[in-house]
Each structure stands twice: as structure tokens, then as C-alpha cells.
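Engineer: Got a predicted structure plus its sequence, pasted below:
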Amino acid sequence: MTATLDRPAVSGPSHGLAGTWQLTRLALRRDRIVLPIWIVLLGIMPSTSSGTFETLYPTAVERAGLTASMGANPSLSLIYGPAFDLSTAGGFTAWRLGGFLALGVALMAVFTVTRHTRAEEDTGRAELLASAVVGRYALLSAGVLVSAGASVLIGLVETGLMIGAKLPVAGSFALGGATAATGLVFTTVAAVAVQVAEYSRTANGIGATAVGVAFLLRAVGDSTTDATWVSWLSPIGWTQQIRPFADERWWVFLLPLAATLVVGAAGYALLPRRDVGTGIIPPRPGPAEAATSLRSPFALAWRLHRGPLLGWLIGTAVCAAVFGSVASGIGDVVGQSEQAKEIFQRLGGTDGLIDAFMAAMTGLFAMVIALYGVQAALRIRAEETAIRVEPLLATGVGRLRLLGSHLVFAFGGTALMMVVSGVLLGLSNGARAGDVGGSIGDMTVASLAQLPAVWVIVGLAVTVFGLAPKFSATGWAIAGLALLLSLFGPVLNLPEALVDASPFSHVPKLPAAEFTAAPLLWLTGVAVVALAAGLMGWRRRDVG
């Protein structure tokens, strides 16, 4: 029997929050590793990146032309947003990172709230708590407090480090406050999503879709002169309209504040209208008997993976088409700065700035697609902890067959996404350059060259799952570390040995560099060994 949240024992405003502080402490204890990573990474990015501005553009002549050249380029506005004042380190940093910081803190907020609310209901722990002296709003309030507190802390860290880097105080507070405000807005968006959806994956999907729509609205409004008002519909757009380091407009903070109050109130209003373990939208009842097509482990895996796979494919296709179309405008990003050109070439090759940019894009897509591979590989761990694997293994289904059904999507799905990204990068770039066929071929080959590095990350995630299942989340840490080393290592001039710890550092940067097969063979071998170790561990260890 499902326990209801509307219990007379804890009714009334004075008891509806009973137990909130204890649940908040529990959530902080559970997130003692994840949250600090979010806070540190997002908090240090502006101050770290601001130090490169003077290196890239050392003369006043170079800085003076940045705002005009970059602000007039719709392709760059689509990616980074409007360029208000790029003549200072603070203004340039806010332009280059403001939108992406907002995007990162928004995703953090969605995942944090969902993990401490809807995911608790999925596992049955929320129902146990509901049977105790815990208020009906306590679980949601704990998740909201943790997410909101992390958002504010990220903003404070950004502000403090930027002031320490000798950036203007007002602009530092504006950029840090804008990041925190975005986190607050999407904290409440997640609070609504967990009431609407019945499962945590669906709630995460709704929240992530809201983040994606906000970024898309911002991009459309900033890149279209006749529809600039569209960016005002996006919380991410509000972040940039505050104009940190460019005559700050403090009144814009009223928009995220009002949205936080209104959307948050909606989330709390929806909570008493449902029972624990259910959502506002009821699930659609299935047929009385399963179809013949579902009578296999692979069919079950397909049913579990088809939603995320389709969502990732659509996102990959849209982003590849957009980034491919802006390649021809990459020269405006670096202007006449030889240092900036060198950095782009280190990220993506040595010959030709556009080829270097396209090579960097294939690497970026590979790093992001590796995250999907980890998600797909660890889906069976979620099934295992939910005690849905043991009943399957009690039948005639073998362990390796069951795990292999999920790994088809982890390895095959990443391969499909890399092909899609390569084709659409080449198609959109070739359409503007007048060489569609050649561009598609080059970019498809370049994307497939990244696949062994992606499979190394997936293979290592399988290794952890098979040998140390309690630490399966380490797979995410491995993927995140590889991404950070590859993205920021060359820019920050980190030691080469440290950057080489990422498998993506060993892939030939096509189409700018010359193809070499040796590193791809080595990476494939590492992936095979990691996969074999994980399969052996899974075959021998206890389930659950």
C-alpha cells in the first residue's frame, strides 16, 4: 500500500516541515563528494580564465576591436551571447563563460533536487520516511535547500576568486550573482518536475529539457537581430542581460527572483496533490500480456535505453548542425592574436584555423558522448540496486547475456552518435563552404577516430561496475576528469604528463593533423582489457 503525503499526524504549517533539517544533513552527507566537485569546478572557472585575456590580447589595439568584430558575428552570438564590452578581462570572461556557467549550475540544480526527492521515492526510502514523524514538505524542502545553497555557494566562490584576481568588485558580484540566480530558478523548475513525473529519470529528463530550451531561446534571441526579445524569455538569457563588467543592470535580478518564487510556489502546491511514489501525470497502463518482441534481455534493454538514446541523438544532431555552421566565423574569435590561434591549434591540430576548430569540435562531442556511454553502461547498476536483476537471473538468462544487452547501447549508441555528429558537422560546414561531400567524409572519419577514446571511458566504467559495484559512480568521475583535462589542460598549460592521462589527448586531431593508426590501436586495446576485466568481475561477484 502506498503511503499518502497528506497525513493528519503532520498536517498544518507548523508540522509540514518537520524533519527538514535532519533530511538536509543527510542529503549533504550523501553529496559530500559530488557537490564540492560542482562548486569547485564552476567556482574557479571565471577567475582562472580571466588570467589568459592579457596573454591572448596584450595590446590595446587588439582589445579595442574585439567588441565590434565579435558582437557583429551572429554565429558567435549564438554560442556565447551578446558582446557588451570585450575590452576588459572581466567583460571578455563574462561573455565567454557566463552562458556556460549558467548552463552548468542549472544542470547541477536539476540533478541535485531529483536525487534527493524523486529518486528517494523510486527506492522506497521516501515511503519509510513518510511513515515517521516527517512533514509532507520536508523531503522536497531538503532537496531545494541543498540545491539552492550549492548555487549560492558557487556564486560566492566565483565572486571571491574574481575579486582576488583583481577584477572589478561590482562586475564580480554581478557575474557570481547571475550564476547563483540561475541555479535558484532551475532548483524550482526541478521541484515542479519531480511532482509531475513518476520516476527520477523522467524528472531529470524534464528538467534537462527545460535547461536545453532555455539555452536555445537564448541562442536564437542573441543571434537574430529581429527577435532579440526571445532571449528575455530564457533564465540563461537573463544571466547575460545583467551585463557583468559592462555597466551592470542590477534590476534584471528581479526576473530570476520572481521566477524562483512563482515556480517554487507551484512545486509546493502540487506536492499534496499526489501520493508517495506517484506523479501528477498518471502512468499509462500497459497490456495484460507482454508482446513476443519483449521476451528477451535485449528487448528489455531496448525498452530501458530507447528514451535516453533518442534524446541524446536529437541533442547531438542539433548541436553538431549549429557548431558546424559557425566554423567559418571562428577567425573572429581569435582576431589577430597569435596566442589565441596557437591555443586553438593545440586543441585541434596544427594546419588551418577552421580545420583546427572542427577537430576541436569532434573532440568536444566525443567527450560529451562518453558521458552517455557511462550512463548506458551503468544503467544495469540501477536495475541491480532496485532488485530487478535478481528475478531475471533466476530464470534462464545468463549474467553475461544480460549485461551484454545493456552494453550494446553503451558501445553501439556512442558509435551511432559519433557518426551522426560527424555527418552533421560536415554537412552544415560544407553547405557554407561549398563542399558538402568532402566535408561530410572528412568529419565522419574525424569523428570515428575519436571512438576508441570514448570506448576507453565506457570500458573503465564497466570495470568499476564489475569489480567494485559500490563505487560505480566513479565511472562519472573518470569521464569528467578526462573531459576537464582535455578541455582546460592545453589552455592552462598544464604538464603534458597530466594532460596525457586523458585518452582523448592521444587521438589524431583530424581533419587538421595527419592520421596515425598506432594510438587508436592502443586505445582500442585498453578498452578491450577494461571491458574484459569488468565482465569477469560481474560474472564472479555477488549480485546486489
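Structural biologist: Cool, the structure landed.
Engineer: use CA for all of it now, contacts and neighbours both
Structural biologist: OK.
Engineer: Provide the backbone phi and psi angles at residue 280.
Structural biologist: Backbone torsions of residue 280, given as degrees, to the nearest 10, read phi -60, psi -40.
Engineer: Would you mind giving me the confidence score for residue 33?
Structural biologist: We note a pLDDT of 81 for residue 33 in this prediction.
Engineer: Tell me the secondary structure at the nearest residue to residue 206 once chain neighbours are set aside.
Structural biologist: Spatial nearest neighbour of residue 206, chain neighbours left out: residue 193 (6.2 Å); criterion: CA to CA, 6 or more residues apart in numbering. Here residue 193 is recorded as helix under DSSP: H, G, I helix; E, B strand; the rest coil.
Engineer: got it, and residue 167?
Structural biologist: Applying three-state DSSP: residue 167 is coil.
Engineer: which residues sit in contact with it?
Structural biologist: Counting by CA atoms under 8 Å, 6 or more residues apart in numbering, residue 167 touches 89, 90.
Engineer: any idea how far residue 177 is from it?
Structural biologist: Residue 167 sits 15 Å away from residue 177, taking CA to CA, to the nearest Å as the criterion.
Engineer: And for residue 169?
Structural biologist: Going from residue 169 to residue 177 by CA to CA gives 12 Å.
Engineer: who has more neighbours, those two?
Structural biologist: residue 177 (25 against 14; other CA atoms under 10 Å).
Engineer: Find the nearest non-adjacent residue to residue 163, please.
Structural biologist: Leaving out its chain neighbours, the residue that sits closest to residue 163 by CA to CA, 6+ apart is residue 169, at 5.8 Å.
Engineer: pretty sure the residue nearest to residue 206 contacts residue 209?
Structural biologist: No - between residue 193 and residue 209 there is no contact under CA atoms under 8 Å: 10.6 Å.
Engineer: Those two: who's more crowded?
Structural biologist: Neighbours were tallied for residue 193 and for residue 209 using other CA under 10 Å; the higher tally belongs to residue 193 (26 against 15).
Engineer: What residues does that one make contact with?
Structural biologist: Residues in contact with residue 193 (CA under 8 Å, 6+ apart) are 203, 204, 206, 207, 267.
Engineer: Just to check, the first one is in contact with residue 115?
Structural biologist: No - at 9.8 Å, residue 203 and residue 115 do not qualify as touching, with contact defined as CA under 8 Å.
Engineer: the more surrounded of the two?
Structural biologist: Comparing residue 203 with residue 115 by other CA under 10 Å, the one with more neighbours is residue 203, at 27 against 21.
Engineer: Now do the SS call for that one.
Structural biologist: helix.
Engineer: what's the answer for the one 4 residues further on, then?
Structural biologist: For residue 207, the secondary structure call by three-state DSSP comes out as helix.
Engineer: Pretty sure it sits against residue 188.
Structural biologist: No - with contacts counted by CA under 8 Å, residue 207 stays clear of residue 188, the gap being 9.8 Å.
Engineer: Stretch 506-520: end-to-end distance?
Structural biologist: For stretch 506-520, the first-to-last residue distance is 8 Å (CA to CA).
Engineer: what is the rounded mean pLDDT of it?
Structural biologist: 85.
Engineer: Return the set of buried residues in it.
Structural biologist: For stretch 506-520, a neighbour-count test (16 or more other CA atoms under 10 Å) marks 506, 507, 508, 509, 510, 511, 512, 513, 515, 519, 520 as buried.
Engineer: same deal with stretch 476-492?
Structural biologist: Within stretch 476-492, the residues scored as buried using 16+ other CA under 10 Å are 476, 478-480, 482-483, 485-491.
Engineer: Could you export the residues you listed as a markdown table, including secondary structure and distance to residue 97?
Structural biologist: A markdown table is the format used below for these (DSSP: H, G, I helix; E, B strand; the rest coil; distance: CA to CA, whole Å):
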| residue | secondary structure | distance to residue 97 |
| --- | --- | --- |
| 476 | helix | 23 |
| 478 | helix | 24 |
| 479 | helix | 21 |
| 480 | helix | 18 |
| 482 | helix | 20 |
| 483 | helix | 17 |
| 485 | helix | 18 |
| 486 | helix | 17 |
| 487 | helix | 14 |
| 488 | helix | 13 |
| 489 | coil | 17 |
| 490 | coil | 17 |
| 491 | coil | 14 |
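Engineer: for those residues, which one is nearest residue 432?
Structural biologist: Of all these, residue 487 has the smallest distance to residue 432: 26.9 Å, by CA to CA.
Engineer: and the gap between that closest one and residue 288?
Structural biologist: Plainly put, residue 487 is 50 Å away from residue 288 if you go by CA to CA.
Engineer: Ok, residue 505 next?
Structural biologist: In terms of CA to CA, residue 505 sits 52 Å off from residue 288.
Engineer: same thing with residue 437?
Structural biologist: Using CA to CA, residue 437 is found at 50 Å from residue 288.
Engineer: For those two, indicate the residue with more neighbours.
Structural biologist: residue 437 (13 against 6).
Engineer: Where does the more buried one sit, in terms of helix or strand?
Structural biologist: helix 436-449 (DSSP states H and E).
Engineer: Moving C-terminal from that helix, which element do we reach first?
Structural biologist: Moving toward the C-terminus from helix 436-449, the next helix or strand (DSSP H and E) is helix 451-467.
Engineer: pLDDT weak spots in the stretch 201-350 of the chain?
Structural biologist: 290, 293, 327-350 (pLDDT under 70).
Engineer: Which residue ranges of it form helices?
Structural biologist: Assigned by DSSP state H, counting those that start in this stretch, the stretch 201-350 of the chain shows helices spanning 235-241, 254-270, 297-325, 331-334, 338-348.
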